[in-house]
Structures are given as C-alpha cells and as structure tokens.
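Trainee: how would this look folded up:
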Amino acid sequence: MDNSICQVYEEIQSLEEEIKLLAEKYEENQHESTFFSDEEIVMSIKSFQREFQGESKGRESPSDLKAELESLEADLSFLMKFTGIQFTSHSKKTVEKTRNRTVQKHRLSGNCHSLSFQLEFQLLEMQNKESVSAVITDLSIIMESGEDSDMSKFVSSTEERGNLLTFFRSLSSYAEWYEHRRCTFLHFKAKYPDIVTLPEGLLGDYIILRNPKLSGFELMIVWKIHIDEEGRTTPVLDLLTKVPEQVLQQKMATIETAPARFRSMLLLFGIETAIENLIKVVGLEK
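Mentor: Numbers count the residues shown, from 1 in each chain. Have a look, this model is predicted:
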C-alpha cells in the first residue's frame, strides 16, 4: 500500500516539473519579439492566396454568382413576358423520403394574363446508380375560366396524364386569346357605346350589335376559344342575326348571307377589321 502511494507521489512530482518547464518556455516566447521583412510578408500573403485559390478551385466568386443570378432573373422575366405566366405562390412538403425514393407534395398558384390557376400534385423521384427519374401523380387543377366546356375537358385530360408541360404551353396560348378577346370587346365597347352591348361583360364570349333607331334588329358576334384535349387552341367566330319580320321580308337575301360574308371578312381582313366593318354597317342601317 505504501509503495503505491510513493509511486503516485513520484508521478505527481514529475507532472509538476513538466508543467513548470512548459510555463517557463511560454514566458520566454512571450518576451521574444519576432520581426518579418516586407518581402517575407508579401511572400506569405501570396502563398496564402495560392492555397485559398487551390481550395476554392471549381467554386465561383461572389461577382460571378451575382452575374449568374442577374442572368437567371433576366431569363425568368423574359419567359414571364413571353408566356404571360406568373407564379404568385409555391409550397412543397416532403411526405416520404428513403435512400432511392422521394415523394414531395407541391402547391402552385398564379395567373396567365387575366386567367388565374391553382395546381396541386405529388412529385415522385426515383434514383439509381445511373439516373434520376421523376413522375407527377395526383395532379389537381383549378381554372377560373367560367363555364368553358372545352377547357374543362382539357383540364380533366391533363389531370389524368399528369403532363404539366402540355398544360402550361396550352394555357399560355389559350390565355393569350382570352386576353385578346377581352381587350377587343373593351375597345369596341368604348369606341361604339351606343351600338355595342356586352350582356356577360368583358369575360363573356359574345357581343351584341344594335342600332338604336331600329327596334328589334341586332347582330350577335360569338367568339369561342376552342381547345382540344391535346391542348391545341383555335379561335372560332360566327355571326348570328335577329331581325324584325318586316325587315327580314325586305332584305331576305342580304340577311341570310350575312354570316357567310362575316366569315369571309375574317379570313381576308382579320378579327378586328371584320368586327369594325360590321359595326359600321349596323350603325348606318336604316
């Protein structure tokens, strides 16, 4: 027992002596002054820069990252102007994650010209040694496009197929025609307020032309926007007539051929000019 105590005591003395030596050495270093020449300082800085550049090889500088961000923002701005699509909100939630499989739930909302939309879908990502694949499932689309049966069919077809690229490409085309129709109706209503009537407002798909001096006489210009299940968009315009019986008897041939003549004007002069000419004819009718 005594031998053990002596051994411990000797070890403590040895540690104390070692600590004392280290303390003395530290004090000596503290009182020493080390001076470096300007050349040595410059060489040290250059060496540090080379090491830093070597460690950051493959990384972009802040100025490069800023330039890249500005370029991406410019591209995004161009795409929004070109397609008319703007996203107002986006949220995602990871509902499942394993080593090779990730499932995220996304919610998107935005507008394309004057049409708003909401999307909800799940994105399934599968990863293997060679590649990563992604599949969209459970797609749900809400469109504020009124009672357009064509759009409803297209939305249902897109939800079944889960093809977002087709949806956004077709939405851009459809919304552009939708906005063009709205602006055209607004233009003619403002220019000919006594002749042009919009029973369903600017978002309706037809306008009524009436001559205030001819009771019961009116022309209806119907402007549908047809979109098939594949997303192909086509404007379809036609003319419907409502004519008092006495006028119809006097100008039967002219009234009967009016729709065909209107369609011919559409092909020859375009939508705006065809409507303008028709409005002028109605306004001069006696």
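Trainee: Output the below-cut-off pLDDT ranges for the stretch 1-150 of the chain.
Mentor: For the stretch 1-150 of the chain, the stretches with pLDDT under 70 are 1-61, 145-147.
Trainee: mind listing the strands for it?
Mentor: Under the criterion DSSP state E, counting those that start in this stretch, the stretch 1-150 of the chain contains strands at 85-97, 101-112, 115-127, 132-143.
Trainee: For the last one, enumerate its sheet partners and note whether each is parallel or antiparallel.
Mentor: Spelled out, that is strand 132-143. Strand pairing for strand 132-143, using DSSP bridges, gives strand 115-127 (antiparallel).
Trainee: buried ones in the strand it pairs with?
Mentor: 115, 117, 119, 121-124 (16 or more other C-beta atoms under 10 Å). C-betas here are computed from N, CA, C, even on glycine.
Trainee: what's the angle between it and strand 101-112?
Mentor: If you take axes from the mean of the first three to the mean of the last three C-alpha atoms, to 10 degrees, strand 115-127 sits at 160 degrees to strand 101-112.
Trainee: mind checking how far strand 115-127 is from the chain centre?
Mentor: Averaged C-alpha coordinates place strand 115-127 at 13 Å from its chain's average position (C-alpha atoms, centre = their mean, to the nearest Å).
Trainee: so residue 235, which of the three states?
Mentor: Of the three states, residue 235 takes strand under DSSP: H, G, I helix; E, B strand; the rest coil.
Trainee: number of nearby residues for it?
Mentor: For residue 235, the number of neighbouring residues by other C-beta atoms under 10 Å comes to 14.
Trainee: next one: residue 217
Mentor: When neighbours are counted by other C-beta under 10 Å, residue 217 registers 18.
Trainee: if I look at it, how far off is residue 187?
Mentor: Distance of residue 217 to residue 187, computed by C-beta to C-beta, to the nearest Å: 23 Å.
Trainee: Could you break this protein into its assigned domains?
Mentor: As assigned by automatic domain parsing, the chain contains the domains 84-175, 176-284.
Trainee: quick one: terminal-to-terminal distance for the first one?
Mentor: So that's domain 84-175. 8 Å (C-alpha to C-alpha, to the nearest Å).
Trainee: if we can go back for a sec, may I see the strands of the stretch 1-150 of the chain organised as TSV, with distance to residue 241 added?
Mentor: Formatted as TSV, these follow (distance: least, C-beta to C-beta, whole Å):
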stretch	distance to residue 241
strand 85-97	39
strand 101-112	35
strand 115-127	31
strand 132-143	33
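Trainee: Out of those, which gets nearest to residue 206?
Mentor: Nearest to residue 206, of all the strands of the stretch 1-150 of the chain, is strand 115-127, at 18.5 Å by C-beta to C-beta.
Trainee: tell me the angle of the closest one relative to strand 85-97?
Mentor: Going by the same axes, to 10 degrees, strand 115-127 makes 30 degrees with strand 85-97.
Trainee: who's in contact with strand 115-127?
Mentor: Residues from elsewhere that reach strand 115-127 (C-beta atoms under 8 Å, 6 or more residues apart in numbering): 95, 100-111, 132-145, 162, 164, 171, 174-175, 178.
Trainee: mind running it again at 7 Å?
Mentor: The contact list for strand 115-127 (C-beta atoms under 7 Å, 6 or more residues apart in numbering) reads 100-111, 132-145, 171, 175, 178.
Trainee: Any of the residues you listed buried? List them.
Mentor: Among the contacts of strand 115-127, those buried by neighbour count (16+ other C-beta under 10 Å) are 102-104, 106, 108, 110, 136, 139, 141, 143, 145, 171, 175, 178.
Trainee: Of those residues, which is the nearest to residue 156?
Mentor: Closest approach between the buried ones among the contacts of strand 115-127 and residue 156, by C-beta to C-beta: residue 141, at 8.8 Å.
Trainee: for residue 226, helix, strand, or coil?
Mentor: Secondary structure, three-state DSSP: residue 226 is strand.
Trainee: Find the nearest non-adjacent residue to it, please.
Mentor: Nearest non-adjacent residue to residue 226, counting by C-beta to C-beta, 6 or more residues apart in numbering: residue 234, 4.8 Å away.
Trainee: Would you confirm that that neighbour contacts residue 224?
Mentor: No - using C-beta atoms under 7 Å, residue 234 is not in contact with residue 224, being 9.0 Å away.
Trainee: Give me the more crowded residue out of the two.
Mentor: residue 224 (16 against 13).
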